[in-house]
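Student: Quick check, what structure comes out for this input:
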Amino acid sequence: MTKLNEYVKMAEAAEILGVAQGTVRSWAEAGKIPMHKNPANGSRLFRRKGLPDFLRVVGKPSRSGTTRED
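Tutor: Predicted coordinates:
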């Protein structure tokens, strides 16, 4: 069973990823980053352990030689 302390709110996820909260929100809504919604209040939650993996995927160079930023 997953525990609530395994998740972070959007502000902490943004800090961990080094981007603005709006960027995390956009990525989540676009399905680029896994997100769960708290059934009690609808807030976005991100699994703490998954954020470093997401950074590795986003940080990989694209075919054009630049890193993915959107």
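Student: Need the residues that contact stretch 28-45.
Tutor: Applying CB atoms under 8 Å, 6 or more residues apart in numbering, the contact partners of stretch 28-45 are Tyr7, Val8, Lys9, Met10, Val24, Arg25, Trp27, Phe46, Arg47, Gly50, Phe54, Val58. Using the backbone N, CA and C atoms, a C-beta is placed for each residue, glycine as well.
Student: residue boundaries of the helices in the protein?
Tutor: 10-17, 21-29, 50-59 (DSSP state H).
Student: picking up where we left off before, filter the contacts of stretch 28-45 to the buried ones?
Tutor: Buried by 16 or more other CB atoms under 10 Å: Tyr7, Val8, Met10, Val24, Arg25, Trp27, Phe46, Arg47, Phe54, Val58, out of the contacts of stretch 28-45.
Student: Let me see the contact set for the first one.
Tutor: I take that to be Tyr7. Per CB under 8 Å, 6+ apart, neighbours of Tyr7: His36, Leu45, Phe46, Arg47, Arg48.
Student: of all those residues, which two lie farthest apart?
Tutor: His36 and Arg48 (11.8 Å; CB to CB).
Student: Leu51 versus Pro39, what's the distance?
Tutor: As judged by CB to CB, to the nearest Å, Pro39 and Leu51 stand 22 Å apart.
Student: for the helices of the chain, which one sits closest to Lys3?
Tutor: Among the helices of the chain, the nearest to Lys3 by CB to CB is helix 50-59 (14.5 Å).
Student: Output that closest one in PDB, but only the C-alpha positions, please.
Tutor: What follows is helix 50-59, C-alpha atoms only, in PDB (Å, rounded to 0.1, in the frame of the first residue of the first chain):
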ATOM      1  CA  GLY A  50       9.600   9.100  -9.600                       C
ATOM      2  CA  LEU A  51      10.900  12.700  -9.900                       C
ATOM      3  CA  PRO A  52      14.600  11.800 -10.400                       C
ATOM      4  CA  ASP A  53      13.600   9.300 -13.100                       C
ATOM      5  CA  PHE A  54      11.500  12.000 -14.800                       C
ATOM      6  CA  LEU A  55      14.500  14.400 -14.800                       C
ATOM      7  CA  ARG A  56      16.700  11.800 -16.500                       C
ATOM      8  CA  VAL A  57      14.100  11.300 -19.300                       C
ATOM      9  CA  VAL A  58      13.500  15.100 -19.700                       C
ATOM     10  CA  GLY A  59      17.300  15.800 -19.600                       C
END
